[in-house]
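**Q** this is the structure alone, sequence omitted:
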């Protein structure tokens, strides 16, 4: 009972050992993360199509709940770029942006996503996320980053423009480009340029003057705060809002409100697939960050408990005016680098953000939306990385096809189609590969007990014996392929008496493959050829013993390929074996 | 060029060697098959919801075309039970049975199916059929047999009743049962009983009096002809058609007509999925029969050319008043047993059926539909075989789940849902199994160079070294699982210095798994643990060499697990290894 409690409530483990040293470290980390999160939260709310305060609200309760249920010591939960984009894509199909229904639908999406994550955690279904292959994720994130950056161009230029894929965005922006507000554009371009310089120019500068790498990382992350302060001040002093620069405007001074998502069955039905995709993408992003940070301190992450933590965080978001959240990469790294020791740092961050929501919102009245767009563009362009195309091309054409398909479909058709196509493609390519396994005909390496591919090595073979090694587990998708291969190898040659199947690479044989083996055995019997097996693995042999196959087998099961070949060469005395060296 | 011609036109191969002995054998076989096919063709047309003559037409041109393009010497192509049922299921959703549009839609379905098969053959996509696992096919055929038998009950009882799954059929028949025509019912029940006796009683009887097995098989297959003759005669003489017995009625005396399928895009769109499923199911049924018969004579079957042959046959059916066809089990076996030597036997059968269509149709005017229903019921009940449930239960629960799901969904929701669910289920179960591979921690068997599972054997281990063997190829679905397993094994224990991954069972490593290995390597480095590989297979090593992984690996790659353990025990001198025996 007690172990169960600590499993589902990791806070009981670290809470008990909490002390003043951890407290001070956590407080410092929380302060830094809070400063960094204020502009980021506002910006991601904008990306999700929601009012800016929703971004703050979405960072408060979720962080608290994750601190109670999550297993990572350093993960910081809140709105992140890709999930915010997916939120906008899901909601724009259903309700009009800016309406009350839109905000309520965002709550429903968070609630649904929370329930899905929680259920996956409780039923230990975290493995579902494994079907998102690494290259597909890399391609998806890259394509999403491009779409996000493109979607922010309208704020940079101060024009209208809608779209959920690159095509729509390009068309829409081209149509409105003449309406560009030049003051907005100057603010947006300067802000973007400054933030790029902070990353590319300031960072090496600070490193050169001898500031520690961790501190440099933290300082660089506060760049957005500087831009926010500077541009807000400029807009206020110069009265630019009257000249058409779009600003954030009035933001309620309030703690996160108590909210209730809509449970309309029609709405939930429409949101189910997007919520599932958001949950999976969010989980994969979060768990990768958590694992990476935990490894640095030999800490353990429990993926199923992580699902519960993220599920609780999303349900919390849905009850406090937020939208779907997950563990974010940049905020977690800052938290870790700033010295956070326990999830209490997250709780303190939440307090900091609550104070901001309550007291600081009047200060961002004049904050230009172009500034927020600039912070988003600079953040997401660091996600864009086409090197995965070259890596996968060099390593495996199947992986390359999956990445390429994912990128193209995401750009052309949007995030939901892209991630679904990526998963589908990688499963199909995997099945295709394993449906045509490598089958090598093997012969004896002279003077040894080793058997190798006759096409690669000079080996000894016997004209009466065909030895084949299948380099794959046998299952329905490759069972008939193997039938055909063996049948075709034997059908033409009258002097073949024995076929030996070397099973050293076979980890499993399913019922289809078993029936194929029975068919092969039967067909070979009709041709007066015996079928033998060698080097069958223990678990496979256990399973074969449960079926009739072994009693029907015309030949024998040998411990090693060498034993098999030697025994069969001795018995085939009617037509003495004359070993020849294959060329 | 010449080899290409003989590949795509197998007739050039066997036609050149044709002689008078083959001719007389083929003629005898053709005569027997023709007699058997007449009632069967009429019955399957009825099952497909088409006029009886369509069954004859569907057997003429397709047989001829298969003779030219197919690779099997004995396969007989025409309407078969399961494909006829699937045809009815596909068409009834779209057009009303008995209308002109229904017959035209059947032509479109055959044309579409022909084009799909042809395309699969030309692009060598025959492997797609491999995703229908044996157990799923067995379950599907069994459930289809039950549905077909149930759908014929209305003809046996002379009542109305519609439905495409068992539920609908049972409800519909129950509703109409009071309208039973008793004369029809007597004919139907007697015919069914007689045909069962021919199979179960006459067959052993003939065998006991010393008639050869092949001839017995042929004689038993002519049972339906006897029933057709007897019941037609009875209905005519006793004037039963006036007492409500439904008869075949007027059938045009004609060679197969020239027809053109509808190419309405809407219709083709609706028929695309059913046509695809019919193509796959038909191909799987046909190729299994062809392979089985070919094996008996050491002949080769080319699956891709078979697709072309079946595609041509279906296109032929669509142009001559037919409906979707494939290679049938019973007719092919009769053809083979009757001594057919070449596809010319099929061509002669086509001539026989053409004569029947031209001259004999007036003779079946009084043939009761109940008789045709009886021949269908007896034919399909031999397909029903629930032993697959026990077999799969004994062998593997995953296979059992796939079979059980297929049977239940086919019975409850119809053939299209059933076969789709079967394929989906078996793929999901396969992916699930391989996503949680068996990972064994291994130790040295004392006095040998062998390394075995520490849980199964008394082996020697070293507290500084963890040796793990993954019994599965590494790919995206199990990459993160392996990451977690290794991380969790090492995270807690401070004295682990080396992890050795024994790769003897790894046939492939995809890019996701490679990145997971890089992640593992990196995380272990953070914990001051070295990662080593042993027994990496040649092709896997070739691929690893194309990536950076080997240069980043903190440890070494060893030829054998024994070499690895010995080398690492010697180097870890700071804390001398004290081998212990695991319990």
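**A** Here it is on my side, so go on. As the structure is a prediction and not an experimental result, all values here were calculated from the model. Numbers count the residues shown, from 1 in each chain, chains lettered A, B, ... in the order given.
**Q** which non-adjacent residue is nearest residue A:104?
**A** residue A:262 (4.9 Å; Cβ to Cβ, 6 or more residues apart in numbering or on different chains). In this view, the C-beta of every residue, glycine as well, is placed from N, C-alpha and C.
**Q** show me the contacts for that neighbour.
**A** With contact taken as Cβ atoms under 8 Å, 6 or more residues apart in numbering or on different chains, residue A:262 is in contact with A:104-105, A:107-108.
**Q** residues of the stretch 301-450 of chain A that sit close to chain B?
**A** Applying Cβ under 8 Å from any Cβ of the partner chain, one finds that the stretch 301-450 of chain A approaches chain B through A:301, A:303, A:391-392, A:394-396, A:398-399, A:426-427, A:430-438.
**Q** buried subset of those residues, written for ChimeraX?
**A** Filtering those down to the buried ones (16 or more other Cβ atoms under 10 Å in any protein chain shown) takes a single ChimeraX command:
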select /A:301,303,391,392,395,396,398,399,426,427,430,431,433,434,435,437
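**Q** returning to that earlier point: ranking the contacts of residue A:262 by neighbours, who comes first?
**A** residue A:105 (25 neighbours; other Cβ atoms under 10 Å in any protein chain shown).
**Q** I figured residue A:469 hits residue A:500, correct?
**A** No. Between residue A:469 and residue A:500 there is no contact under Cβ atoms under 8 Å: 9.2 Å.
**Q** looking at those two, which is more packed in?
**A** A side-by-side neighbour count of residue A:469 and residue A:500, using other Cβ under 10 Å, places residue A:500 first with 26 against 22.
**Q** quick one: secondary structure of that one?
**A** Secondary structure, DSSP: H, G, I helix; E, B strand; the rest coil: residue A:500 is strand.
**Q** who's it bridged to?
**A** Note on residue A:500: beta-bridge partners residue A:467, residue A:532, judged by DSSP bridges.
**Q** returning to that earlier point: JSON lines for the contacts of residue A:262, including secondary structure and pLDDT?
**A** Formatted as JSON lines, the contacts of residue A:262 follow (DSSP: H, G, I helix; E, B strand; the rest coil; pLDDT from 0 to 100):
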{"residue": "A:104", "secondary structure": "helix", "pLDDT": "93"}
{"residue": "A:105", "secondary structure": "helix", "pLDDT": "94"}
{"residue": "A:107", "secondary structure": "helix", "pLDDT": "95"}
{"residue": "A:108", "secondary structure": "helix", "pLDDT": "95"}
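**Q** now, which of the residues you listed sits nearest residue B:190?
**A** Proximity of these to residue B:190 was ranked by Cβ to Cβ; the top entry is residue A:108 with 64.2 Å.
**Q** without its sequence neighbours, what residue ends up closest to the closest one?
**A** Per Cβ to Cβ, 6+ apart, closest to residue A:108 is residue A:261, 4.1 Å.
**Q** before we move on, the earlier item: if we only consider the contacts of residue A:262, which is nearest to chain B?
**A** In terms of Cβ to the nearest Cβ, no member of the contacts of residue A:262 lies closer to chain B than residue A:108, at 28.4 Å.
**Q** now the closest one: how far from residue A:102?
**A** Distance of residue A:108 to residue A:102, given as Cβ to Cβ, to the nearest Å: 11 Å.
**Q** what do you get for residue A:343?
**A** Residue A:343 is 32 Å from residue A:102, by Cβ to Cβ.
**Q** next: residue A:484.
**A** On the measure of Cβ to Cβ, residue A:484 and residue A:102 end up 57 Å apart.
**Q** also residue A:520?
**A** Residue A:520 is 61 Å from residue A:102, by Cβ to Cβ.
**Q** neighbour count winner among the two?
**A** Each of residue A:520 and residue A:102 had its neighbours counted (other Cβ under 10 Å), and the higher figure belongs to residue A:520 (23 against 19).
**Q** wait, a helix at that one?
**A** Yes. Counting by three-state DSSP, residue A:520 falls inside a helix.
**Q** can you give me the helices in the stretch 251-400 of chain A?
**A** With DSSP state H, counting those that start in this stretch as the criterion, the stretch 251-400 of chain A has helices at A:265-295, A:303-319, A:329-337, A:344-355, A:369-381, A:387-395, A:397-413.
**Q** of all these, which one is nearest residue A:250?
**A** Nearest to residue A:250, of the helices of the stretch 251-400 of chain A and by Cβ to Cβ, is helix A:369-381 at 13.9 Å.
**Q** average pLDDT for that closest one?
**A** Helix A:369-381 carries an average pLDDT of 88.
**Q** and that helix, how far from the chain's centre?
**A** How far helix A:369-381 lies from its chain's middle: 23 Å, per Cα atoms, centre = their mean, to the nearest Å.
**Q** just the angle between it and helix A:329-337, please?
**A** 80 degrees (axes from the mean of the first three to the mean of the last three Cα atoms, to 10 degrees).
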